[in-house]
Structures are given as structure tokens and as C-alpha cells.
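[1] My questions are about this predicted structure, shown below with the sequence.
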Amino acid sequence: MTAKDNPLAGKLAPASMLVNVPRLVTAYFTGVPDPKIASQRVSFGTSGHRGSAFDCAFNEAHILAIAQAVCLYRQKEGIDGPLFLGMDTHALSEPAFVSALEVFAANGIETMIDSGGGYTPTPVISHAILTYNKGRKMGLADGIVISPSHNPPEDGGFKYNPPNGGPADTDITGWIEKTANGFLEAKLEGVRRIPYERARKAAGIHAYDYITPYVSDLANVIDMEAIRASGVRIGIDPLGGAAVHYWAPIIERYKIAATVVNDAVDPTFRFMTIDWDGKIRMDCSSPYAMERLVGMRAKFDIAFANDTDADRHGIVCPSSGLMNPNHYLAASISYLYGNRPDWRAGSAVGKTVVSSGMIDRVTKKLGRKLVEVPVGFKWFSAGLIDGSIGFGGEESAGASFLRRDGTVWTTDKDGITLGLLAAEMTARTGKDPSGIYSDVTSDLGTSFYERIDAPASPVQKAALKNVSPERIAARELGGEEIEVKLDKASGNGQSIGGIKVATENGWFAARPSGTEDVYKIYAESFRSQEHLRQIQHDAQGIVDGLMK
């Protein structure tokens, strides 16, 4: 099971814990990864390649290799429109931005970079790709976000979004990963680059205003006038991330009563309170990382935060504090499908296999179709594009939904609009999202949900990832008869990379971690906290048996 919470959890980090940024950046440029060591190779998880320069897992060689691989992938697929390039506020993001731009310029890739040299959230890149590609059949755009999301300050990340604007599928990332590792093994032979000063002046590198198109378009996805007219008091904490310079233009344009409680950008993230395990992590779904904003909730009618690339949201209600991410998804779904008359009657609700069963119950109550998919937002992209899915959400506080007219907004997670949606819900109903959740679920039971981690070796993780449901001998879970055993998502038939087992009043899903030697058990009971513990105990016994 997970370790006990660190004694420093919820407190500001002592100076001794802060990352030494000069040393980190030096390690980025001087560290030489060994492709014979698995942890030092390029490895794309559900959100791109991530790692720390201190561990030789995110160094200049990695970025040069990945950038060249992206150039070759674009050439192979005939993608010849502009590449929208953005970065967040992590210390390694700007060095990686420089390295990537040197490669893109050398390869003649038309690249759009922020005109102010600033930071660009993940949803803004997705919005830019989709806006550019609308109505086009040729010359399509794609994009890259340099960000490790909410990861600690010493980490870096690099993720690719193809022309559909969403996270790249495994067939794309697998090809890029294999090609990039080939460049590492060849000591970067075949990688084209030019010095940064020349790259910035190259004909294909264009300064682009990311802020204005996104901000001006927000009224087409959120009822900004309702927020303004109500005077609802909003508190916003960007957590030092890429959205930090977007809020002032949003507040000014729409005249909303919002306050940015912290506009600092500091690569050490010294203003963050420490997460449960003693690490600095910009996780807006963590009550420890959100301690500061939660403590200010009485000052606002609604408050919210985003993680470092602004693809996640954390909603703080005056009535209840930080909302459980699953609860907010359920409340949002109920509100949106009741307040978006121009959405198609057949637009389904999308959720991942590890998200709360309360979403299933709310969706059934609405008379809508539910589409359950494996973990990874990429599974929602096609449905959001064609309008067959109106809302797609993950239990890890990531979601996106359609414009008010029922057309696509973003195909990647958008924490900015999910925060503003909480303000719209409060403005139009007079209740915060926590109150809405209570009303919506009053006749649907009470959810007891939790995720825990347990140790697992690489061999055990591989066994769990490929396990067959037929190997599960157990007939009961938490004292109830097992009704469902799955290794594929019901919504699209794709592998969930683990198993899911369900009874009438509870379920668990188990998946190996992609970055740590642990497996994750997601479990939920609609009976009691004690029943949840029983499900977790039985689940761990089942999974341990499968990994032998």
C-alpha cells in the first residue's frame, strides 16, 4: 500500500529541498545518456517523454534526437503545415525549447513560437492546431508542448500532438521513440541542427500571438457574460505554471470579478506546499499541494488552480474545500448536458475505466450514452472532433468539452476552461459545484473511491499489463458476486493495460505504473468506507496472484 504521508506534507519547502537550477541546467547540457540503460533511453508514456537531467533521463541529446525524429515523422506522414511549439515554466523547458528549435530550423520546419517569449499551456497548443486545420485537407499543422505536467521542478517533459490536436497515439509515439533511440545509439549522427541565434532568424521560425486567439474564443465555450453579470468572486492560482500570463487578459477582456492570488514564476516553485510524499509537485488535485488556495476559500465564491501546463484543474468550493476530481466531473457532466441546448442529442459522455462509477449513474440519469475508454486522453480526440462525445474526462482531474454550439474546442485536456466552467456553474445556479454534485447525486448513492499503490517488479508489471481475465479465479469481491472481468474497455474495445473487476456495488481496476516500480489499484464502493477497504484487500490478493 502507499506509504504514510510525509511530515512536511502541506508545508512550504525548506530552502534545502529546492532544486539547484544552475546545476540542473548544466546537467542538461553536459549529461550524456547511455542508450544501453533503459532509464536513459527515450520513452514515451501517456504524456510524452519525461525525466530529470540529474538522472540522464532528460538531456540535450534526448531532445535533439526526439526533435529530429519528429521531423522525419512529419516527412513520412506528409505533415507540412506549421508546428506550434510551446513550453511551460519548469527549469528544463527553456533549454529543451532551444535545442528543439535548433533542429526544427535546420530541417526547415515552419515553427510558431510565442511572440513574447512566454509560456504556452497544453490546451492552447491544441486550440491553435485545430483552429489552423479547420477546413483544411492539406498543409496541416501539429504541435509540441515542452512540459512534464505537474511533475517536480527537476523534471522535464516533451510531448507531441498530431494534426488532430490531441495527445499522440501509441503508433505515433512508438515510431518517434524508436527513431529517437536510434539517434542516441548513433551518437546523434543524422541529427540536423544550427546554432540558436541562426535558428531564431531562420525564415521558417515565426513569432505567434498565442494568447489573443485563445482568450477571444473563450466566450464560444464558456458563458463568460453570465460570469461577468453575476459578479461571482473568483480566485485563481496558476501554481507558477504556463497559464500565469493568460489570466490578466481574460479578466480584462471579459470584466470578470477574478483575482490571481499568485502570479510568481520561479523554477524552484518555492511557493508550493509539499505534496504527500515529501516532493514539490504542482498537482492541483492534491489537498497538500493546494493547501494555500484551500485556506483562502472563504474569500471567494469559487476558486481554482491549474497544473504547470494547465491541462488539469483543481476546484475549491467555499462549502467543501478542494473537490474530489471525480465529483467535479460528475457535477460538470450534469450541468453541461442540461445547459448546452445546441449539443447533439446523441452526444455521449466519455470517461476512463478508472474514473468513478458515479459518472455512469449520472449519465444514465441524463439518458445519455456512456463511452468508457482506457486511461489516456487520446481516446477522446476523435469523438470530440466529430461531436459524438460532448465531454471527456479522467479521474486525474483532466477534461475537455465541446463549444457551446456543439463543435470541437480542444482535443487535449483544458484546465483553464474547466476552471471557468466552475465559475459559470456558480454564476448560473447560485450554487458552487460541490452543492451541485450533492443535488445531482442525492438519489444515486454515496461513492467511496480511492487509488492506492503497491510495489511491483518490472517482470510483475509486465505480467499484469498482459493478464487475461480468464486467469481470475475469484468469484467474489468485497463479499459480492463478481459480475464483470475486463481487460479491454467497453467503449472502444482497446486494452486497458491491466484488469477491471466489478460487482453490483463496487469495482477495482489494476494497472502497472509506466514510470515507477509499483502498480496502481483504483477502487470504489457504493456501500461504505469499510466495504471499500474490503475491496482493496481482495483486489491486492487477486493481483498479487496474477503477477506470480
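    Thanks, I have it.
[2] now Ala502, nearest residue through space, not along the chain?
    Setting aside the residues directly before and after it, Ala502 is nearest to Val484 in space (CB to CB, 6 or more residues apart in numbering), at 4.2 Å. (C-beta placed from N, C-alpha, C; glycine too.)
[3] And that neighbour, how far from His537?
    Distance, Val484 to His537, using CB to CB, to the nearest Å: 19 Å.
[4] what does Ala463 give?
    Per CB to CB, Ala463 is found 21 Å from His537.
[5] Which of the two has more residues huddled nearby?
    Ranked by neighbour count (other CB atoms under 10 Å), Ala463 and His537 place Ala463 first, with 17 against 13.
[6] if I read this right, that one contacts Met547, doesn't it?
    Yes: assessed by CB atoms under 8 Å, Ala463 is found in contact with Met547 at 4.9 Å.
[7] Torsion angles phi and psi at the residue nearest to Ala502?
    Main-chain dihedrals, Val484, degrees, to the nearest 10: phi -140, psi 140.
[8] what about it, neighbour count?
    11.
[9] surely it meets Val501?
    Yes: taking contacts as CB under 8 Å, Val484 lies within contact range of Val501: 6.8 Å.
[10] Can you check which residues contact both of those two?
    Common contact partners of Val484 and Val501 (CB atoms under 8 Å, 6 or more residues apart in numbering): Trp507.
[11] what bits of the protein have low per-residue confidence?
    By pLDDT under 70, the low-scoring segments of the chain are 1-4, 514-516.
[12] in the stretch 151-300 of the chain, which spans are helices?
    Along the stretch 151-300 of the chain, counting by DSSP state H, counting those that start in this stretch, helices occupy 170-185, 196-201, 211-217, 224-230, 247-254, 291-295.
[13] so which of those comes closest to Asp517?
    helix 170-185 (20.5 Å; CB to CB).
[14] residues of the closest one that come out buried?
    Buried residues in helix 170-185, counted by 16 or more other CB atoms under 10 Å: 172-173, 175-177, 179-184.
[15] That one packs against which elements?
    If you count contacts as 3 or more CB pairs under 8 Å, 6 or more residues apart in numbering; DSSP states H and E, helix 170-185 packs onto strand 44-45, helix 60-77, strand 155-161.
[16] Buried residues, the second one. List them.
    So the one you mean is helix 60-77. Buried, per 16+ other CB under 10 Å, within helix 60-77: 60-74.
[17] Ok, stretch 114-134 next?
    Applying 16+ other CB under 10 Å to stretch 114-134 flags 114, 118-133 as buried.
[18] Pipe the helices and strands packed on helix 170-185 into a markdown table and attach distance to Tyr254 per row.
    Listed next are those as a markdown table, based on distance: least, CB to CB, whole Å:
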| stretch | distance to Tyr254 |
| --- | --- |
| strand 44-45 | 36 |
| helix 60-77 | 36 |
| strand 155-161 | 27 |
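[19] who wins for proximity to Ala15 among those?
    With CB to CB as the criterion, Ala15 lies closest to strand 155-161 of the helices and strands packed on helix 170-185, at 19.9 Å.
[20] Residues contacting the closest one, please?
    For strand 155-161, contacts defined as CB under 8 Å, 6+ apart pick out 28, 44, 47-53, 58, 62-63, 66, 70, 90, 92-93, 96, 100, 122, 125-126, 129, 142-149, 151, 167-168, 172-173, 176, 412.
[21] So which of those residues sit within helices?
    28, 62-63, 66, 70, 93, 96, 100, 122, 125-126, 129, 172-173, 176 (DSSP state H).
[22] and which of those is nearest Glu225?
    The nearest member of those to Glu225, counting by CB to CB, is Ser126 at 24.5 Å.
[23] wait, doesn't that closest one sit right on Thr410?
    Yes: between Ser126 and Thr410 a contact is recorded at 4.1 Å, counting by CB under 8 Å.
[24] Can you check which residues contact both of those two?
    Gly165.
[25] Any chance of the backbone angles for Gly240?
    Dihedral angles (degrees, to the nearest 10) for Gly240: phi 70, psi 20.
[26] Surely it and Val261 touch.
    No: using CB under 8 Å as the test, Gly240 is too far from Val261 to be in contact (11.6 Å).
[27] So the two - more neighbours on which side?
    With neighbours defined as other CB under 10 Å, Gly240 and Val261 compare such that Gly240 has more, 25 against 16.
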